[in-house]
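Chemist: pasting the structure only:
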DNA sequence: ACGCCAGATGTAAACGTTTACATGACGGCT
DNA sequence: AGCCGTCATGTAAACGTTTACATCTGGCGT
């Protein structure tokens, strides 16, 4: 059996109250007794029972993270950012990932009840109705990349518009005119924004009123297929902008398989800046999303909400992103070398 | 204020005991009252308080994961595997990553006290003494890639010996004789095993009694430096085997920068099979470690220990790994093409 | 008609903490 | 000398559940 505070009290010959005071350093206790208590606790290997403590203090020092079935770098970077910031505030992290359906998410949410002080939700598929039904309204929550908007929760999104605009501007600046776009899954909020951003930028900056857009789903395979499809067009695009890096990588393979040289024959760009982008050849130009930063910011917002409940944070916050120019977009053919 | 079980009891006009029974489906309650209770609970948006529940049931349905400051794919795959299996058992996951020092780890461990039913620890630096001091002995624990061995906890390791042996055998089989090794950080258990495995395999299978081994630290940069160093030797190795993929990638760059062709002039192999390995050119031959599988197995072991406390699981379990042959080791120069 | 049994329901204790409040001791001030 | 304030310490209530046990109800067998 594990030692409880009572055992320590008995061992140190004081009351449980004094043990609590001594161990929590709240004062109101003699240096001598504090020492006695600490020694007794050490001797018994006493560790306070977290659940019991949170029950009475109504603080768990834990925040929850509700994530969809994510693979790879995005997931780990996000967790990393959240966890870093959480650690800074002395908070732990209760993760629930890989939930696909709404039921999954709902039950994960209930299971977190009473175990977390706040929650970070990344779920492009959850709508306002679901949240209203399953999220206790007094639980601080930060929504990531979510279309939901309401004063209820804070929302933190990637600035997809700024990113696509910057990349389109760059591609045009390098001299490409006919730019094609490979879109992401239609039900994904980021994908929607990136496509809209691309169309907007082309309408605004380009001379092409209705640019070519082919469908995709963020997968490498979809990128490959899209690449083949684009090559079959009568008027081959001068540049291809994929809605994420994975598709750009797939597309790159398609272009190579067709015997084309990138960026000589055709330019290519992606979005996300996953690590792989740096290692394909030619290295992929892309829009950098600082994912860990996204996690950190979310966590920062959340701890703010926890510290000062009732503060309105309903605004939608945007996390900027910048473009990183490597070899695949042809900029270096005319300029400096940059690795 | 959040609704408690008392509120539901009042709303449904029954006692708290009946509410508990109705909601937990343990029987001993009329269908009619169960319905009344469920409706009352739904009306009040009642969700049971996790901490209160675990306090009395002595079950948290949560397992902890204590991880070092890990980047990238390894981290996310591991969590993924653990979480998948945990979900299968209806368990949640309390993550504490990015802790560097021993103090960090110790305080993370205390914070988990009373919040988890078991724990998975990946920490090549923690020794038996630390564990004895900071881990409650009746808390089921699974150690990953740990040199610690004891009946106290289960240990699950990657079979680094089998992996290095297989790769050395393969390289020799392709015809390479002078094989050099880039080692990992000396204080890392996996690194130690891989180096020992390499030396053992060379002594056993090769004709070279004392093969060249240069130092490294698992980083891309260290791989680059090691590559340069190896090229300066009077007798250039025919193949280089890096203790992990990241160093292999760095080394590849060094070889390219020196104007060498891989695998024509020199062969290269890594260890881990991180996603990047497939995307560099030439694609990297490597030893595949099924990381998600590692997480799943650990979690499986753990839930076994939780379900049947007292069962001895002190044995060291090994997770096998197989080699994946791509272009960088020169096998394809003499055989079929394989992507 | 009586008692009994099964099953539904309620009462209250227990889990391990924190903390408001009561108690008691001691020292300094007038 | 008496009083009061300060401060260490103890007692007990509270947090929100689950569950052993007591109580009550109704139906059934004799």
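Modeler: Good, I have the coordinates. Note that the structure is a prediction, hence the values are computed from the model and not measured.

Chemist: for the rest of this, base every contact and every neighbour count on C-alpha atoms.
Modeler: Noted.

Chemist: which residues touch residue A:44?
Modeler: With contacts defined as CA atoms under 8 Å, 6 or more residues apart in numbering or on different chains, residue A:44 is in contact with A:3, A:8.

Chemist: what score does it have for pLDDT?
Modeler: pLDDT for residue A:44: 94.

Chemist: and residue A:28, by the same measure?
Modeler: As predicted, residue A:28 sits at a pLDDT of 85.

Chemist: shaky segments in the stretch 101-250 of chain A?
Modeler: A:151, A:207-209 (pLDDT under 70).

Chemist: the helices in it, which residues?
Modeler: Across the stretch 101-250 of chain A, reading from the start of the chain, the helices by DSSP state H, counting those that start in this stretch fall at A:102-112, A:128-134, A:160-174, A:189-205, A:220-232, A:245-257.

Chemist: can you say which of these is packed in most?
Modeler: The highest mean neighbour count among the helices of the stretch 101-250 of chain A, using mean count of other CA atoms under 10 Å in any protein chain shown, belongs to helix A:245-257: a mean of 24.

Chemist: after it, which helix or strand is next? Please name it.
Modeler: Secondary structure here is assigned by DSSP states H and E; on that basis, the next helix or strand after helix A:245-257 toward the C-terminus is strand A:267-272.

Chemist: pLDDT (mean, whole number) over that following strand?
Modeler: Per-residue confidence for strand A:267-272 averages out to 96 on the pLDDT scale.

Chemist: what residues are up against residue A:61?
Modeler: Taking CA under 8 Å, 6+ apart as the definition, contacts of residue A:61 comprise A:90, A:91, A:92, A:116, A:117.

Chemist: and which of these is nearest to residue A:261?
Modeler: Sorting the contacts of residue A:61 by how near they are to residue A:261, with CA to CA, puts residue A:92 at the top with 49.0 Å.

Chemist: dihedrals phi and psi, the nearest residue in space to the closest one that is not next to it in sequence?
Modeler: With sequence-adjacent residues excluded and distances taken as CA to CA, 6 or more residues apart in numbering or on different chains, residue A:92 is closest to residue A:62, at 4.4 Å. Dihedral angles phi and psi of residue A:62 (degrees, to the nearest 10) take the values phi -140, psi 140.

Chemist: hang on, residue A:62 packs against residue A:95?
Modeler: No. Counting by CA atoms under 8 Å, no contact exists between residue A:62 and residue A:95, whose distance comes to 10.2 Å.

Chemist: DNA strand C contacts on chain A?
Modeler: When proximity is defined by CA under 7 Å from any atom of the strand, chain A lies next to DNA strand C at A:2-6, A:16-18, A:20-21, A:24, A:46-49, A:52-53, A:55-57.

Chemist: can you flag the buried ones in those residues?
Modeler: Buried by 16 or more other CA atoms under 10 Å in any protein chain shown: A:4, A:5, A:16, A:18, A:20, A:46, A:47, A:48, A:49, A:52, A:53, A:55, out of the residues of chain A next to DNA strand C.

Chemist: in helices, which of those appear?
Modeler: The members of those that map onto helices under DSSP state H are A:5, A:16, A:18, A:20, A:52, A:53, A:55.

Chemist: just flag the most distant two among the residues you listed.
Modeler: Distance extremes for these: the farthest pair is A:18 and A:55 at 19.5 Å, using CA to CA.

Chemist: residues contacting residue A:6?
Modeler: When contacts are counted by CA under 8 Å, 6+ apart, residue A:6 is found next to A:15, A:16.

Chemist: again, 10 Å this time
Modeler: Applying CA atoms under 10 Å, 6 or more residues apart in numbering or on different chains to residue A:6 gives the contacts A:12, A:14, A:15, A:16, A:17, A:19, A:20.

Chemist: check residue A:17 too.
Modeler: By CA under 10 Å, 6+ apart, the contact set of residue A:17 is A:5, A:6, A:9.

Chemist: residue A:42 is in contact with the first one, correct?
Modeler: No. The pair residue A:5 and residue A:42 does not pass the contact test of CA atoms under 10 Å, sitting 11.9 Å apart.

Chemist: from the residues of chain A next to DNA strand C, which are also near DNA strand D?
Modeler: A:16, A:17, A:18, A:52, A:55, A:56.

Chemist: quick check: the farthest pair among the residues you listed?
Modeler: For those, with distances taken as CA to CA, the pair at the greatest spread is A:18 and A:55 (19.5 Å).

Chemist: picking up where we left off before, dump the contacts of residue A:61 to a markdown table, plus distance to residue A:32 and neighbour count.
Modeler: Written out in a markdown table, the entries for those read as follows (distance: CA to CA, whole Å; neighbours: other CA atoms under 10 Å in any protein chain shown):
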| residue | distance to residue A:32 | neighbour count |
| --- | --- | --- |
| A:90 | 29 | 13 |
| A:91 | 31 | 22 |
| A:92 | 33 | 26 |
| A:116 | 36 | 25 |
| A:117 | 36 | 23 |
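
Chemist: so which of these is the closest to residue A:275?
Modeler: Nearest to residue A:275 among these, with distances taken as CA to CA, is residue A:92, at 27.3 Å.

Chemist: got the phi and psi for that closest one?
Modeler: Dihedral angles of residue A:92 (phi, psi; degrees, to the nearest 10) stand at phi -100, psi 170.

Chemist: ok so residue A:2 is a strand residue?
Modeler: No. Checked against DSSP: H, G, I helix; E, B strand; the rest coil, residue A:2 lies outside a strand; its state is coil.

Chemist: quick one, what contacts it?
Modeler: A:44, A:45, A:46, A:47, A:48, A:49, B:136, B:137, B:138, B:139.

Chemist: try it again with 6 Å
Modeler: The neighbourhood of residue A:2, defined by CA atoms under 6 Å, 6 or more residues apart in numbering or on different chains, contains no residues.

Chemist: pull the number of nearby residues for whatever residue of the stretch 101-250 of chain A ends up closest to DNA strand D.
Modeler: Going by CA to the nearest atom of the strand, DNA strand D is nearest to residue A:114 of the stretch 101-250 of chain A, at 8.1 Å. If you count neighbours by other CA atoms under 10 Å in any protein chain shown, residue A:114 ends up with 23.
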